[in-house]
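In: Fold the following.
(one chain, ligands or ions: 3)
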Amino acid sequence: MTAKLTALRQRPADLVGDRLPKHVAVIMDGNGRWAKQRGMPRIMGHRRGVDTLKTLLRCCDDWGVGALTAYAFSTENWGRPDDEVDFLMMLFERVLRQELKELMAENVRIRFVGNLQALPVSLQREIERAMLDTQENQGIQFTVATNYGGRQEIIQACRAIGEQIQQGEITPDQIDESMFERHLYTQGLEDPDLLIRTSGEMRISNFLLWQLAYAEMYITDTLWPDFNHHEFHQALLDYQQRHRRFGKL
Ligand code: IPE
Ligand code: IPE
Ligand code: MG
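Out: Ligands and ions are numbered 1, 2, ... in the order given. You can find the predicted model right below:
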């Protein structure tokens, strides 16, 4: 094993185990700008971004963060030029196919959230296979938001609940937070404690609108392909200093 890999496996000594976030969510932004700065086509940034995500997953796993959720494609990203959208769909499919073995070996449980039916059929097939194969794994819970929109997620939950009411299965007063959460794509997953966004943008961009209600936010100017384990270490150190009040004193 190389020295670099060994270093990654160990949690940095200044990170305190019981002050780590249980669940980290990340808006992986800045791929296009990263490529542009280098005079390369945008897709090269997306390609590099995959390596960043693999490193982050490895860090979470090795350092004791139990869940990672990554925003890979938003419902609004369909508005990009066709060739970029096509490339991204192809990239997701190829990476999934290539990495499934490794995910199994690392005991990762992978799950996709979003409107998956609207994705290319061949990608849907890879997604189903990956979720099925890894569903019994007991390691890190890795969630990939693909064709995901927070508003769309809330609306589909409302529709499902509306149907149950119409069928006479429940009454409106039975709707509470925990029952609503059971209709979200993320059902069964704890809310993120920490949201990281790269590339300096100070916005949520329709990501996990319900689930991020009390997440701590960490925004870095670093573009996603340059985000590495040093940067993640920094984000976790910052998180450890936060005083989470949840509206109390
Ligand atoms: C994030 O990088 C990746 C996706 C949204 C799929 P961008 O492609 O948004 O890169 P910038 O923001 O244009 O630099
Ligand atoms: C958010 O990034 C979506 C993903 C990272 C998948 P965008 O680049 O699409 O967000 P905006 O357009 O800057 O808000
Ligand atoms: Mg962007």
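
In: Is any residue of stretch 14-30 near ligand 2?
Out: Yes: applying C-beta under 6 Å from any ligand atom, one finds stretch 14-30 touching ligand 2 at 27-29. Yep, even glycine has a C-beta here, placed from its N, CA and C like the rest.

In: Buried ones among these?
Out: With neighbours counted using 16 or more other C-beta atoms under 10 Å, those contain these buried positions: 27-29.

In: Can I get the residues of stretch 14-30 next to ligand 2 in TSV including secondary structure and pLDDT?
Out: Output for these, formatted as TSV (DSSP: H, G, I helix; E, B strand; the rest coil; pLDDT from 0 to 100):
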residue	secondary structure	pLDDT
I27	strand	99
M28	coil	98
D29	coil	98
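
In: Any chance of the backbone angles for Q156?
Out: Q156 has phi and psi values of phi -70, psi -30 when expressed as degrees, to the nearest 10.

In: quick one: it from ligand 1, how far?
Out: Using C-beta to the nearest ligand atom, to the nearest Å, one gets 22 Å for the distance from Q156 to ligand 1.

In: and the residue in the chain that ligand 2 sits nearest to, what is it in contact with?
Out: Going by C-beta to the nearest ligand atom, ligand 2 is nearest to S205 of the chain, at 3.6 Å. By C-beta atoms under 8 Å, 6 or more residues apart in numbering, S205 lies in contact with 27, 29, 71, 74, 76.

In: Kindly recompute the last result at 10 Å.
Out: 27, 29, 71, 74, 76-77, 149-150, 197 (C-beta atoms under 10 Å, 6 or more residues apart in numbering).

In: Please apply the same query to N31.
Out: So N31 contacts 42-50, 52, 88, 198-199, 223-225 (C-beta under 10 Å, 6+ apart).

In: again, but for L68
Out: 21, 23-26, 53, 56-57, 59-61, 108, 140-144, 192.

In: among those residues, which ones are buried?
Out: Looks like those have 21, 23-26, 53, 56-57, 59-61, 108, 140-144, 192 buried, using 16+ other C-beta under 10 Å.

In: out of the residues you listed, which are inside helices?
Out: Counting by DSSP state H, those place 53, 56-57, 59-61 in helices.

In: what's the neighbour count on the nearest residue to N228 once chain neighbours are set aside?
Out: Of all residues beyond its chain neighbours, the one nearest N228 is T55 (6.3 Å), with distances taken as C-beta to C-beta, 6 or more residues apart in numbering. By other C-beta atoms under 10 Å, 16 other residues sit near T55.

In: any residues touching stretch 162-172, and which ones?
Out: Applying C-beta under 10 Å, 6+ apart, the contact partners of stretch 162-172 are 161, 174-175, 179, 183.

In: circling back to that earlier point, dump the residue contacts of the residue nearest to N228.
Out: Counting by C-beta under 10 Å, 6+ apart, T55 touches 8, 227-229, 231-232.
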